[in-house]
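>>> What follows is a predicted protein model with its sequence.
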Amino acid sequence: MFLLILLGLIGIAGIHRFRLGKFGTGVMYLMTLGFVFTGKLNGLLTDEKVVFKHNKFVASSADTNV
């Protein structure tokens, strides 16, 4: 995840959103250069919460498959 954030800072805005399954915002970030960098700042501040939510979803779906 850290590597994806670094790629976003270098210029591949939105790539980390695709990894989390957030395709809509990923496309928006790519098309608008990360909302002209405000999206990158927002991503740095909120990604921990988004990742936790995604991991919780993945863990709960793994429990039902056992």
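Here it is on my side, so go on. Because the structure is predicted, anything quoted here is derived from the model rather than measured. Numbering: from 1, shown residues only.
>>> show me where pLDDT drops low in the chain?
1, 3-13, 33-37, 39-40, 63-66 (pLDDT under 70).
>>> ok, Thr25 touching Arg17?
Yes. Taking contacts as Cβ atoms under 8 Å, Thr25 lies within contact range of Arg17: 4.8 Å. Heads up, the C-betas are built off the backbone N, CA and C, glycines and all.
>>> Between the two, point out the one with more neighbours.
Arg17 (24 against 18; other Cβ atoms under 10 Å).
>>> doesn't Asn42 make contact with that one?
No. Assessed by Cβ under 8 Å, Arg17 is found out of contact with Asn42, at 11.0 Å.
>>> what's the first-to-last distance across stretch 24-41?
End-to-end distance of stretch 24-41 (Cα to Cα, to the nearest Å): 18 Å.
>>> likewise stretch 18-32?
Taking Cα to Cα, stretch 18-32 runs 15 Å from one end to the other.
>>> Just give me the longest helix of this structure.
Across the chain, the longest stretch assigned as helix under DSSP state H is helix 38-64.
>>> That helix - contacts with which helices or strands?
Here helix 38-64 touches helix 2-10, helix 15-19, helix 23-31, helix 33-36, going by 3 or more Cβ pairs under 8 Å, 6 or more residues apart in numbering; DSSP states H and E.
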